[in-house]
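[1] What would the 3D arrangement of this be:
(one chain, ligands or ions: 1)
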Amino acid sequence: MLSYIIEGGRKLEGTILISGSKNASLPIIAGTILSSKITKLYHVPNIHDTQITLKILKLLGCKVKKERGKIVIDTKLMKKTEIPEDLMRQMRSTVIMAGAILGRFKEATFSYPGGCEIGARPIDLHLSAFRKLGINIEEKGGFIHCKCDKIIGTEINLDFPSVGATENIILATVLAEGITTITNAAMEPEIEDLAKFLNKMGAKIEGAGTNIIKITGVTQLKEVSYKVMPDRIEAGTYLCMVAATGGKVKLLNAEPEHITPILHKLQECGCMIETNQKVITLEAPKKLKAVDIKTMPYPGFPTDMQSIFGSMLTTAKGTSVLVENIFENRYKYTQELKKMGAKIQIEGKMAVIKGVRKLSASKVESHDLRGGAALVLAGLAGKGTTQVNHIEYIQRGYENLEEKLQTIGAKIKIKNT
Ligand code: EPZ
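    Below is the predicted model of the structure:
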């Protein structure tokens, strides 16, 4: 098993270059299927989740070439429409490839992505949207077979502004007949980035980033190059890691307007924050102040930052209250933080965190991507040497995490344990 060994208690200081967004890259890579041409993508982070998505493209018959800093994808010869089950299980967000495969081939087969550590994560909203688009869905033996003669645009209202369902509907209807309108659509910046990429290819998508998105079907798409947006959760993660050690950091290639709620909460904790264009600078106080957090769909406080913020607040002055409104099981990390001396009470969706003076090193287990990042933060801020186990979860979503932390003075290394 791979672990991080972290020598804590060091004030972090320096500059970090933010990588391209994991959660924008995944739907954009899926979107290359629609053009049946060559697409050049820049700034796709080299992490497990993008590697899996590119592996699926290759298994479906696409050509994928990684050159320095860019990925060249040729989907002309793609002919398979079944997403390999083992890869579906490894990464549930591969379900958005179904929309793209359906959009081009009018058929797709995939297995139930299954839940994960943060919740059941059903795909009922995806499937009911596909049915409304005239797609016939047969579920047998854990597999979902989708097929139709053509996809006809229609009005789809989402019961919940699901990011994945919004992306899947867009991918399935770019080449559809007629107009599709999504109401109560998710408004995350990654959806706006997906729409910008598809429109550059020749799609006609209006309203991405708002809760009403209109897709007018087109008949073909062209060869494009595209640079993926910066990863807003990576940016928020490093700001919190530095804040937890009382340090100072400058983030390059960050988009401040994508993380307004995080910046405001960090200021409420007592951090000095400066932003201009794609640079964010944070200077932390000696002692952070407790704050309350409620996770909401964008533009509210992002659920992906809940565990990282919660970990940072374990040593703030006062008591903080977190409310996790998006996923039903996103507090697993708190068990691990308690091994380090954190005082956290979980009551349903709520976590009450009573600030303690310092956390102490321990051996802790990652259970999911953002929960694992929260444990790295605790190790950086805590006294002594912390061992974070099962870091494969963390490597799914953070490109070169240890190198980036080392450049700002962290003592962190990977060890086979
Ligand atoms: C995306 O997941 C992100 N993943 C998640 O980031 C992020 O936490 C989430 O959006 C919310 O912002 C990617 O973009 C790859 P949802 P997604 O559909 O699309 C329920 C990370 O750490 N729901 O908006 O799966 C669902 O159970 C990951 O980078 C249904 O009930 O999220 C959840 O409670 C974790 N039925 C809520 O909606 C459905 O059909 C939000 O899910 C779909 C979703």
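[2] Residue 196: how many residues sit nearby?
    17 (other Cβ atoms under 10 Å). Yep, even glycine has a C-beta here, placed from its N, CA and C like the rest.
[3] In a helix, it, correct?
    Yes: assignment of residue 196 by DSSP: H, G, I helix; E, B strand; the rest coil places it within a helix.
[4] Any figure for the gap between it and residue 226?
    According to Cβ to Cβ, to the nearest Å, residue 196 and residue 226 sit 8 Å apart.
[5] before we move on, what about residue 295?
    30 Å.
[6] Bridged to residue 63, which residues?
    Taking DSSP bridges as the rule, residue 63 bridges to residue 74.
[7] Next one: the closest residue to residue 179 other than its chain neighbours from residue 276, what distance?
    Spatial nearest neighbour of residue 179, excluding adjacent residues (Cβ to Cβ, 6 or more residues apart in numbering): residue 153 at 4.6 Å. Counting by Cβ to Cβ, the gap from residue 153 to residue 276 is 42 Å.
[8] Settle it for me: which of those two has more neighbours?
    residue 153 (18 against 8).
[9] correct me, but the more buried one touches residue 213?
    No: Residue 153 lies out of contact with residue 213 (Cβ atoms under 8 Å); the separation is 12.0 Å.
[10] What residues of stretch 99-107 count as buried?
    99-106 (16 or more other Cβ atoms under 10 Å).
[11] and that stretch, anywhere near the ligand?
    No: Stretch 99-107 lies out of reach of the ligand by Cβ under 6 Å from any ligand atom, never closer than 11.8 Å.
[12] What are the phi and psi values at the residue nearest to residue 179?
    phi -60, psi 150 (degrees, to the nearest 10).
[13] Might you report the residue contacts of it?
    133, 173, 176-180, 215-217 (Cβ atoms under 8 Å, 6 or more residues apart in numbering).
[14] mind checking pLDDT for the residue in the chain that the ligand sits nearest to?
    Going by Cβ to the nearest ligand atom, the ligand is nearest to residue 164 of the chain, at 2.8 Å. Reading off the confidence values, residue 164 has pLDDT 97.
[15] now it, nearest residue through space, not along the chain?
    Using Cβ to Cβ, 6+ apart, the closest residue to residue 164 is residue 96 (5.6 Å).
[16] tell me which element the one you found falls in.
    helix 96-105 (DSSP states H and E).
[17] for the worst-scoring helix or strand of the chain on mean pLDDT, packing partners?
    Among the helical and strand segments of the chain, the one scoring lowest on mean pLDDT, DSSP states H and E is helix 85-90, with a mean of 86. Applying 3 or more Cβ pairs under 8 Å, 6 or more residues apart in numbering; DSSP states H and E, we find helix 85-90 packed against helix 48-59, strand 107-111.
[18] same thing but at 10 Å, please
    helix 48-59, helix 96-105, strand 107-111, strand 143-147 (3 or more Cβ pairs under 10 Å, 6 or more residues apart in numbering; DSSP states H and E).
[19] Can you list the strands that the helix or strand that the last one is followed by pairs with?
    Elements were assigned by DSSP H and E; along the chain past strand 143-147, the next helix or strand is strand 155-157. Using DSSP bridges, strand 155-157 pairs in its sheet with strand 179-183 (parallel).
[20] Now do the buried residues in the strand it pairs with.
    179-182.
[21] Repeat that for stretch 135-155.
    135, 144, 146, 148, 151-153.
[22] could I get the buried residues of stretch 99-107 as CSV with distance to residue 376?
    Shown next, in CSV, are the buried residues of stretch 99-107 (distance: Cβ to Cβ, whole Å):
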residue, distance to residue 376
99, 33
100, 33
101, 36
102, 38
103, 38
104, 40
105, 41
106, 44
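[23] Dump those residues into a markdown table; add pLDDT as well.
    As requested, the buried residues of stretch 99-107 are exported to a markdown table (pLDDT from 0 to 100):
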| residue | pLDDT |
| --- | --- |
| 99 | 97 |
| 100 | 98 |
| 101 | 98 |
| 102 | 98 |
| 103 | 98 |
| 104 | 97 |
| 105 | 97 |
| 106 | 98 |
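[24] now, the most widely separated pair of the buried residues of stretch 135-155?
    The span of those, defined through Cβ to Cβ, is set by 144 and 153 at 22.0 Å.
[25] re earlier: what touches both of residue 153 and residue 213?
    Taking Cβ atoms under 10 Å, 6 or more residues apart in numbering as the contact rule, residue 153 and residue 213 both touch 173, 180-181.
[26] now stretch 227-243: mean pLDDT?
    98.
[27] Only alpha carbons, please: show it as CSV.
    In CSV, the C-alpha atoms belonging to stretch 227-243 read as follows (Å, rounded to 0.1, in the frame of the first residue of the first chain):
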residue,chain,number,x,y,z
LYS,A,227,-7.2,24.5,-23.0
VAL,A,228,-9.1,23.1,-19.9
MET,A,229,-10.0,25.5,-17.1
PRO,A,230,-8.0,25.5,-13.9
ASP,A,231,-9.0,23.2,-11.1
ARG,A,232,-10.9,25.2,-8.5
ILE,A,233,-11.0,22.5,-5.9
GLU,A,234,-7.2,22.0,-6.2
ALA,A,235,-6.8,25.8,-5.7
GLY,A,236,-9.1,25.7,-2.6
THR,A,237,-7.3,22.7,-1.2
TYR,A,238,-3.9,24.4,-1.3
LEU,A,239,-5.3,27.6,0.2
CYS,A,240,-6.6,25.7,3.1
MET,A,241,-3.5,23.6,3.6
VAL,A,242,-1.3,26.8,3.8
ALA,A,243,-3.9,28.5,6.0
